[in-house]
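Asks: Test case, fold it:
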Amino acid sequence: MGLSLSLENLSFRTLSATTGHRTPIRLPLFVGLFVWSFLYLYKSSYLSPDGVRYYSLFDDAMITLRYAWHWVHGYGLVWNPGERVEGYSHPFMLLPMAAASLLFSLTRAPYAVQLINLGALTLAAVVALRLMHFVASERNFPAKQVSWAQDIFLFLFFTYYPVLFWTVSGMETTWLTLLLLLAVQNLLLPLHPAYPWRRDLGLAVLFFLMWLCRADSLIYIVPLGLSLFWISYNQWPRRRPALVWGVFLFCVLGQFLFRRMYYGEWMPNAYYLNAGLGWGDRLSNGFRYVWPFLGTMAFPFLLGIVSIVNGGFPVLSLVSLVFVGIAVSYQILAGGDPWPLWRTMVPAVTLMLIPIGFLLSRLAFEWIPTSEKRRPYFLLFIATLVSLSMNQKFLNELILKELPGKQLSARFIQTAIALNDLLKPGASVGVFSSGTLPYYLPHLRAMDFLGRTDRHIAKLPPHRVAHDGLVGVPGRSKYDLRYSVLQLKPTYVEHVKWFEEDVSKEASTLYWPMAYRGMSMLLLKDSPVVFWERFH
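Replies: Numbering: from 1, shown residues only. Below is the predicted model of the structure:
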């Protein structure tokens with residue numbers, strides 16, 4: 001292909017037998033992935049009394065989806081028409097979300113995004129299988145062992161709950177994982193001697209797409225880009241690091257210039273929102289956040305270390321562990337994350353599962369005496385132990401016994417349906433959870449009390465609030481309810497209290513507590529944009 005993104009020669013034959021040896025669990029693994037995903041999508045959706053099924057993504061994803069909805073419907077890349085604030089943190093996701101918003105209705109677009117993400121996860125698995133086949137063929141690894149190593153990888157990849165959650169939640173994590181695998185493949189696969197520059201141009205594009213997924217993907221881009229200098233002196237035809245970095249930095253500069261011209265800022269609003277916390281609190285939060293991750297990954301880490309010596313691919317093992325270490329270190333420095341689902345570490349963990357697959361396959365074939373007939377059961381048993389170790393915090397979620405955020409999303413959707421009946425054009429809604437509810441009210445102005453789409457809030461100093469062991473929760477500790485509630489006076493407010501700030505006494509003179517179809521809400525007194533008669 002023109003930019004040589006290392007997707008050439010990929011085909012869905014890879015799903016059945018990349019190595020030429022079929023295994024009995026390859027197809028069931030993919031079938032299981034799709035069955036689990038569709039069950040999750042169905043169980044997490046909300047069926048309204050009038051028979052309309054509503055779908056919801058993760059809060060950040062729903063924010064971006066509102067931007068995409070306004071974009072394709074002619075209002076521009078805006079949260080509220082006429083207001084230019086860059087409240088999304090993953091510009092790449094605007095592309096699939098814009099396609100979903102253009103082709104599907106408001107209620108179906110989130111579902112379409114979930115399916116698109118599921119396709120990206122499938123493609124990431126295919127790329128990983130091909131990468132494993134290539135590195136194994138370079139070392140003449142036995143074909144049967146390669147085939148089983150691939151299936152062990154697939155089993156661990158498809159049963160790791162954070163991978164599944166971020167996929168069905170519509171987040172960029174799945175795409176970043178895919179792009180990281182493609183970048184690694186780009187560096188490892190041999191160049192076409194006639195057009196070597198295409199591979200370098202393709203790598204630059206991959207780096208830029210990773211950057212658009214998340215700016216902090218630099219923790220992956222920089223090591224890969226630096227490794228290109230070493231590769232350029234050990235591979236023929238020569239790689240061109242200057243071309244890769246030049247194109248990448250040119251594209252990044254272009255994005256900064258676009259942001260400055262379109263939004264009037266050099267940095268996204270999320271940058272200001274997450275800034276301001278002292279280094280002491282930041283490091284304390286970071287260590288508290290990563291400690292459970294390190295606990296759940298102790299067994300895989302041990303296998304990763306062993307794979308350096310006995311896995312057959314020491315460089316790949318070492319690189320994957322280094323990436324995990326970089327991701328963990330970055331998360332400590334960044335002060336953790338409000339959601340303990342390791343979204344920053346997932347791409348590196350995925351890469352680490354590849355040498356673990358080779359190690360366990362080699363263990364079963366070369367070191368543990370077992371018959372050919374019993375070997376698949378042994379491999380499945382040991383892979384299950386690894387999976388259980390990785391998912392020890394998420395077992396109820398993995399078996400769909402618990403669905404995080406389902407009740408909250410249902411309440412937001414019910415509130416949005418009620419407000420759609422009660423509020424006239426020109427009304428506004430004030431929210432702390434700025435995803436689902438504002439998305440389903442795209443015609444109304446939405447005010448984000450936590451500053452994701454509000455410049456004033458984002459640039460305030462953070463409150464040192466404590467939540468789930470964290471101090472100054474990233475993205476949740478900047479607020480000013482006197483400004484948001486008492487000064488802006490949205491027609492509807494979600495709450496009038498957040499942590500230690502309580503303006504309920506003052507708000508009682510401005511808002512009436514009302515009930516409509518079983519939903520309690522606070523509405524601005526005597527507002528002309530409310531259908532008050534519908535309460536009778």
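Asks: Between the two ends of stretch 231-238, what distance do you get?
Replies: 8 Å (C-alpha to C-alpha, to the nearest Å).
Asks: Show me which residues of that stretch are buried.
Replies: Applying a neighbour-count criterion of 16 or more other C-beta atoms under 10 Å, one finds S232 buried in stretch 231-238. To be clear about C-beta, it is placed using only N, CA and C from the backbone, and glycine gets the same treatment.
Asks: pLDDT on it, on average?
Replies: Confidence over stretch 231-238 (mean pLDDT, whole number) is 74.
Asks: which SSE is N396 in?
Replies: helix 395-398 (DSSP states H and E).
Asks: what about that helix, distance to the chain center?
Replies: Taking C-alpha atoms, centre = their mean, to the nearest Å, the mean C-alpha location of helix 395-398 is offset from the chain mean by 19 Å.
Asks: quick one, helices of the stretch 51-200 of the chain?
Replies: In the stretch 51-200 of the chain, helices defined by DSSP state H, counting those that start in this stretch lie at 59-72, 94-103, 109-138, 143-159, 161-168, 173-188, 196-213, listed in chain order.
Asks: any idea how far the closest residue to S232 other than its chain neighbours lies from R199?
Replies: With C-beta to C-beta, 6 or more residues apart in numbering as the measure, R239 is the residue that lies nearest to S232, at 4.0 Å, once sequence neighbours are left out. Distance check for R239 against R199: by C-beta to C-beta, to the nearest Å, it reads 7 Å.
Asks: Let me see the backbone angles for K497.
Replies: Note on K497: backbone dihedrals following degrees, to the nearest 10 are phi -150, psi 140.
Asks: ok, and what's touching the helix holding N396?
Replies: Residues outside helix 395-398 that contact it (C-beta atoms under 8 Å, 6 or more residues apart in numbering): 159, 161, 164-165, 388, 391, 402-404.
Asks: Equivalent analysis for stretch 33-53, please.
Replies: The list of residues contacting stretch 33-53 from outside it, by C-beta under 8 Å, 6+ apart, reads 54-56, 107, 111, 114, 118, 121-122, 158, 164, 167-168, 400, 403, 406, 409-410, 413-414, 417.
Asks: okay, that stretch in CSV with CA atoms only?
Replies: What follows is the C-alpha trace of stretch 33-53 in CSV, where atoms were taken according to Å, rounded to 0.1, in the frame of the first residue of the first chain:
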residue,chain,number,x,y,z
LEU,A,33,-14.7,-12.6,22.0
PHE,A,34,-17.7,-11.7,19.9
VAL,A,35,-20.2,-13.5,22.1
TRP,A,36,-18.8,-11.8,25.2
SER,A,37,-18.8,-8.4,23.5
PHE,A,38,-22.4,-8.6,22.2
LEU,A,39,-23.6,-9.9,25.6
TYR,A,40,-21.9,-6.9,27.2
LEU,A,41,-23.4,-4.4,24.8
TYR,A,42,-26.8,-5.9,25.3
LYS,A,43,-26.7,-6.1,29.0
SER,A,44,-25.2,-2.6,29.4
SER,A,45,-27.8,-0.9,27.2
TYR,A,46,-31.0,0.7,28.4
LEU,A,47,-34.4,-0.1,27.0
SER,A,48,-36.8,2.8,27.4
PRO,A,49,-40.5,2.4,28.2
ASP,A,50,-41.3,3.3,24.6
GLY,A,51,-39.2,0.5,23.3
VAL,A,52,-36.1,2.5,22.2
ARG,A,53,-32.8,0.9,23.1
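Asks: Show me what the mean pLDDT comes to for stretch 328-345.
Replies: Summarised as a single mean, pLDDT over stretch 328-345 is 89.
Asks: Buried residues of that stretch, list them for me.
Replies: Result for stretch 328-345 [16+ other C-beta under 10 Å]: buried residues 328, 330-332, 334-345.
Asks: just stretch 84-94 next, same as before
Replies: Using 16+ other C-beta under 10 Å as the test for burial, stretch 84-94 gives 85-94.
Asks: got the angle for the helix or strand where L41 lies vs helix 143-159?
Replies: Following DSSP H and E, one finds L41 within helix 26-44. Interaxial angle of helix 26-44 relative to helix 143-159 (axes from the mean of the first three to the mean of the last three C-alpha atoms, to 10 degrees): 0 degrees.
Asks: what angle do helix 26-44 and helix 161-168 make?
Replies: 60 degrees.
Asks: The very next helix or strand once past helix 26-44 pairs with which strands, and in what direction?
Replies: Counting by DSSP H and E, the next helix or strand C-terminal to helix 26-44 is strand 46-47. Strand 46-47 has its sheet partners listed here by DSSP bridges as strand 53-54 (antiparallel).
Asks: Report the distance from the partner strand to the chain centre.
Replies: For strand 53-54, the distance from its own C-alpha centre to the chain's C-alpha centre is 22 Å (C-alpha atoms, centre = their mean).
Asks: Neighbours of W197, how many?
Replies: Residues within reach of W197, counting by other C-beta atoms under 10 Å, total 14.
Asks: Quick check: closest non-adjacent residue to A515.
Replies: On the basis of C-beta to C-beta, 6+ apart, the spatially nearest residue to A515 that is not a chain neighbour turns out to be M521, at 7.6 Å.
Asks: does the one you found sit in a helix, a strand or a coil?
Replies: strand (DSSP: H, G, I helix; E, B strand; the rest coil).
Asks: Test for you: state the pLDDT assigned to the residue nearest the centre of the chain.
Replies: Nearest to the geometric centre of the chain sits T173, at 3.0 Å (C-alpha atoms, centre = their mean). With respect to pLDDT, T173 has a value of 95.
Asks: so who does it touch?
Replies: Remark: with contacts taken as C-beta under 8 Å, 6+ apart, T173 is in contact with 162-163, 166-167, 343, 346-347.
Asks: which two from the residues you listed end up farthest apart in space?
Replies: Based on C-beta to C-beta, the longest span within the contacts of T173 runs between T167 and P347 and measures 12.5 Å.
Asks: out of these two, which sits in the busier spot?
Replies: Neighbours around T167 and P347, counted as other C-beta under 10 Å, are more numerous at P347. The numbers are 29 against 26.
Asks: quick one: which helix or strand includes that one?
Replies: If you go by DSSP H and E, P347 is part of helix 346-362.
Asks: For L423, grab phi and psi.
Replies: Dihedral angles of L423 (phi, psi; degrees, to the nearest 10) stand at phi -100, psi 140.
Asks: That one contacts L444, doesn't it?
Replies: Yes: with contact defined as C-beta atoms under 8 Å, L423 reaches L444; the gap is 6.2 Å.
Asks: Show me the common contact partners of those two, please.
Replies: Taking C-beta under 8 Å, 6+ apart as the contact rule, the neighbours common to L423 and L444 are V429.
Asks: Leaving out sequence neighbours, find the closest residue to R240.
Replies: Spatial nearest neighbour of R240, excluding adjacent residues (C-beta to C-beta, 6+ apart): D200 at 4.6 Å.
Asks: Which residues are in contact with that neighbour?
Replies: For D200, the set of contacting residues under the criterion of C-beta under 8 Å, 6+ apart consists of 239-241, 243-244.
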